[in-house]
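Q: need the 3D shape of this:
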Amino acid sequence: MASASNRGQGGIQQLLAAEQEAQHIVNAARNAKLARLKQAKDEAEKEIADYRAQVEREFQKKLAASSGDSGANVKRLEVETAEKINHLSTEGSRISGDVVKMLLKQVTTVKN
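A: Numbering: from 1, shown residues only. Next up, the predicted model:
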């Protein structure tokens, strides 16, 4: 019976050793998983930062382009305004004599 007791003790020791080994394997797997999650998080944050920087560069480029367009629009509006002022001045000069005659006629005509 002593040998059966020793075998039982040896079996228990074997089970305890196997349980400890399994626990080490689980802990190693857990640590590897945490390390991979941290690596994935770091990679994702880097990609986000790169994407954000790219979008910001594109935004700044478009902003600069639209500001340039704004300057071109201002110049175009200045030219159009000058042309309209010139046209109105020319037309005013052309018809001012007729307007003066019409006004004098209206003022000097007596109505009963």
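Q: could you list the low-pLDDT ranges of the chain?
A: Residue ranges of the chain with pLDDT under 70: 1-6, 68-70, 112.
Q: ranges for the helices of it?
A: 2-108 (DSSP state H).
Q: burial of residue 25, as a residue count?
A: 10 (other C-beta atoms under 10 Å). Where C-beta positions appear, they are placed from N, C-alpha and C, glycine not excepted.
Q: gap between it and residue 87?
A: 91 Å (C-beta to C-beta, to the nearest Å).
Q: how about residue 75?
A: If you go by C-beta to C-beta, the gap between residue 75 and residue 87 works out to 19 Å.
Q: what of residue 81?
A: 11 Å.
Q: repeat that for residue 110.
A: Noted for residue 110: a distance of 38 Å to residue 87, by C-beta to C-beta.
Q: residue 47 now?
A: 59 Å.
Q: same deal with residue 38?
A: Residue 38 is 72 Å from residue 87, by C-beta to C-beta.
Q: now residue 99
A: Here the distance between residue 99 and residue 87 works out to 17 Å (C-beta to C-beta).
Q: then residue 64?
A: From residue 64 over to residue 87 the distance is 35 Å, taken as C-beta to C-beta.
Q: kindly report the same for residue 36.
A: Between residue 36 and residue 87 the distance is 75 Å, computed by C-beta to C-beta.
Q: how about residue 42?
A: 67 Å.
Q: burial count for residue 45?
A: 10.
Q: then residue 37?
A: Around residue 37 there are 10 residues (other C-beta under 10 Å).
Q: again, but for residue 108
A: Residue 108 has 7 nearby residues by other C-beta under 10 Å.
Q: need the contact list for residue 35.
A: By C-beta atoms under 8 Å, 6 or more residues apart in numbering, the contact set of residue 35 is empty.
Q: cool, and the one 10 residues further on?
A: When the contact criterion is C-beta under 8 Å, 6+ apart, residue 45 has no partners at all.
Q: next one: the residue positioned nearest the centre of the chain relative to residue 38, how far apart?
A: Centroid-nearest residue in the chain: residue 55, 5.1 Å away (criterion: C-alpha atoms, centre = their mean). Separation of residue 55 from residue 38 (C-beta to C-beta) stands at 26 Å.
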